[in-house]
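Asker: Sequence and computational prediction follow.
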Amino acid sequence: MDDGQSRSSPSETPEYAAALMDVSPREPGPGDSGLWRRRLRHDIRHELGTIIMLASAVAVADDIGDTSRERIEQLLGETRWLDHLIRRLDEDDDADSVVTQPMVCPERIRVDELTAEVVTGMRLSTAHEVGLEGVPAWAHMDPVALWRALRNVLDNACRVAAGRVDVHVTVDQGWVTIQVDDDGPGFGAGKAGLASLGLGIVHDLVSGYGGSLEIRTCEMGGARVRLLLPSAPPLEMADMTTSDDWRPHP
């Protein structure tokens, strides 16, 4: 029956089109947490992809020097870690569990190499001198979790340091130690704020893999933060051990 008025079929309504695209006709507010977070992550990933595309184009350009190319390569490395973090949010939409619980099974990783990558990034983003000494070290841990822990510790150290931060990676009696010293006023001398939040995240990340966090005073007068992780055997020894042999014994 035609009553003289125009009618839209269900497939022509904004609601129908929105359902197909998993969106709502209007922008959701923070109260619509699930959809709001998905849209936000979508936009972040889009912008991240744009940065990667532009940085990749600069990295292969003929009109930049070796130093600039090195910095661009480091920028691309940082964006890859950021992409890992976004993927973790996709895997678990509960922000609290991302902070406090390991999201994946531990991998056997080179702690000294990952530490060197993080230190390289910090050197390009701070005016302080950041020293690094280390030995080959392996541990069973999620690399993204270790990256997050190291970034938080180094961010804190560089924020308060007067001019120098030293990083040491050692292995002793079944434990890998990442030690970060700074020449600042010492932990607790300034505002707790970001430092306390960062170290709380670090504690949760490393303890989830059987590690621990220590805070002391170093010879330079500033803070000494030590991350202790259960060590894994070198690669050539890995096949001769069982899955539990890497754990340190009391």
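Answerer: Sure thing, it's come through.

Asker: And residue 109, how close does it get to residue 176?
Answerer: Per C-beta to C-beta, to the nearest Å, residue 109 is found 10 Å from residue 176. Placement of C-beta: from N, CA and C, glycine included.

Asker: Looking at those two, which one has more neighbours?
Answerer: residue 176 (25 against 19; other C-beta atoms under 10 Å).

Asker: Tell me which helix or strand the more buried one sits in.
Answerer: Per DSSP states H and E: residue 176 is located in strand 175-182.

Asker: Who are the packing partners of that strand?
Answerer: helix 111-123, helix 143-160, strand 164-172, strand 223-230 (3 or more C-beta pairs under 8 Å, 6 or more residues apart in numbering; DSSP states H and E).

Asker: Quick check: residue 125 is in a helix.
Answerer: No: remark: residue 125 does not belong to a helix; assigned using DSSP: H, G, I helix; E, B strand; the rest coil, it is coil.

Asker: So for it, what's the pLDDT?
Answerer: With respect to pLDDT, residue 125 scores 78.

Asker: where's it relative to residue 151, distance?
Answerer: 11 Å.

Asker: Name the residue in those two with the higher neighbour count.
Answerer: residue 151 (18 against 14).

Asker: Any idea how many residues pack against the residue nearest to that one when sequence neighbours are not counted?
Answerer: Nearest residue to residue 151, sequence neighbours excluded (C-beta to C-beta, 6 or more residues apart in numbering): residue 118, at 6.0 Å. Neighbourhood size, residue 118 [other C-beta under 10 Å]: 24.

Asker: now swap in residue 139 and tell me
Answerer: Count around residue 139 with other C-beta under 10 Å applied: 28.

Asker: Quick one: classify it as helix, strand or coil.
Answerer: strand.

Asker: Report the beta-bridge partners for it.
Answerer: residue 109, residue 231 (DSSP bridges).

Asker: just checking, it touches residue 178?
Answerer: No: with contact defined as C-beta atoms under 8 Å, residue 139 does not reach residue 178; the gap is 9.6 Å.

Asker: okay, and the common contacts of these two?
Answerer: Residues touching both residue 139 and residue 178 by C-beta atoms under 8 Å, 6 or more residues apart in numbering: 111, 229.

Asker: In this protein, where is pLDDT below threshold?
Answerer: Scanning the chain for pLDDT under 70 picks out 1-34, 36-37, 40-42, 45-47, 49, 81, 84, 87-104, 188-197, 236-250.

Asker: ok, back up a step: overlap of the contact sets of residue 109 and residue 176?
Answerer: Shared contacts of residue 109 and residue 176, counting by C-beta under 8 Å, 6+ apart, come down to 138-139.

Asker: doesn't residue 209 fall inside a helix?
Answerer: No: looking at residue 209 with three-state DSSP, it is coil, so not inside a helix.

Asker: That one against residue 144, yeah?
Answerer: No: between residue 209 and residue 144 there is no contact under C-beta under 8 Å: 11.8 Å.

Asker: domains for this structure, by residue range?
Answerer: Listed by automatic domain parsing, the domain ranges of the chain are 12-93, 107-238.

Asker: wait, doesn't residue 73 sit right on residue 60?
Answerer: No: here residue 73 lies out of contact with residue 60, judged by C-beta under 8 Å, at a distance of 10.6 Å.

Asker: Neighbour count for the two, which is higher?
Answerer: Using other C-beta under 10 Å as the criterion, residue 73 and residue 60 rank with residue 73 on top: 13 against 9.
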